[in-house]
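Participant: attaching a predicted model along with its sequence, questions to come.
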Amino acid sequence: MRLGREFGLIAAMAEIAWYLLGCGYLVANGIFEKMVMARRTNKVCVPFQPLLEKIVAWLQFPPPFYGFIDVAKNNAFVRVGRPNTRARFLFCGGDASSAEESRERAAHKAVKH
């Protein structure tokens, strides 16, 4: 059972990477513009908050919870939990110029983990 779950996670991550590469090609060539990705000079930026929501939904984890560590410094965090356990993972976005930027950093750390 455990091996099947790990293989499923690897397959999901591979599918997401394949999707992102395909969208990046289409956006970079000006064929396809969508809110999933935004184009800046020579960079393609992926918003990690929706990606994190899709990953936890696929894994059947509870939805991620966003909050603030320090509102004055726009320091946000995201908490991701596993189902049927007390285990919680907390990812901090750090000080930022906006709350959205800090939330995005926290989601990026959670996706990388």
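Facilitator: Structure received.
Participant: so Lys73 touches Ser98, yeah?
Facilitator: No: in this structure Lys73 lies outside contact range of Ser98 using Cβ atoms under 8 Å: 11.0 Å. C-betas here are computed from N, CA, C, even on glycine.
Participant: higher neighbour count, the two?
Facilitator: Between Lys73 and Ser98, counted using other Cβ atoms under 10 Å, Lys73 has the larger neighbour count: 14 against 10.
Participant: how close does that one get to Ser102?
Facilitator: Per Cβ to Cβ, to the nearest Å, Lys73 is found 8 Å from Ser102.
Participant: and this protein, what are its domains?
Facilitator: Domains of the chain are assigned by automatic domain parsing as 1-45, 47-113.
Participant: confidence-wise, which of those domains is weakest overall?
Facilitator: Mean pLDDT is lowest for domain 1-45 out of these, coming in at a mean of 54.
Participant: sorry, back to before: which neighbours do Lys73 and Ser102 share?
Facilitator: Overlap between the neighbourhoods of Lys73 and Ser102 consists of 95-96, taking contacts as Cβ atoms under 8 Å, 6 or more residues apart in numbering.
Participant: C-alpha coordinates for the one helix or strand Ala57 maps to, CSV please?
Facilitator: Element membership of Ala57, judged by DSSP states H and E, is helix 48-58. Provided in CSV are the C-alpha atoms of helix 48-58 (Å, rounded to 0.1, in the frame of the first residue of the first chain):
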residue,chain,number,x,y,z
PHE,A,48,2.3,28.3,-6.5
GLN,A,49,-0.8,28.8,-4.4
PRO,A,50,-3.2,27.2,-6.9
LEU,A,51,-0.6,24.5,-7.6
LEU,A,52,-0.3,23.7,-3.8
GLU,A,53,-4.1,23.5,-3.6
LYS,A,54,-4.2,21.0,-6.5
ILE,A,55,-1.4,18.9,-5.0
VAL,A,56,-3.1,18.6,-1.6
ALA,A,57,-6.4,17.9,-3.2
TRP,A,58,-4.9,15.1,-5.2
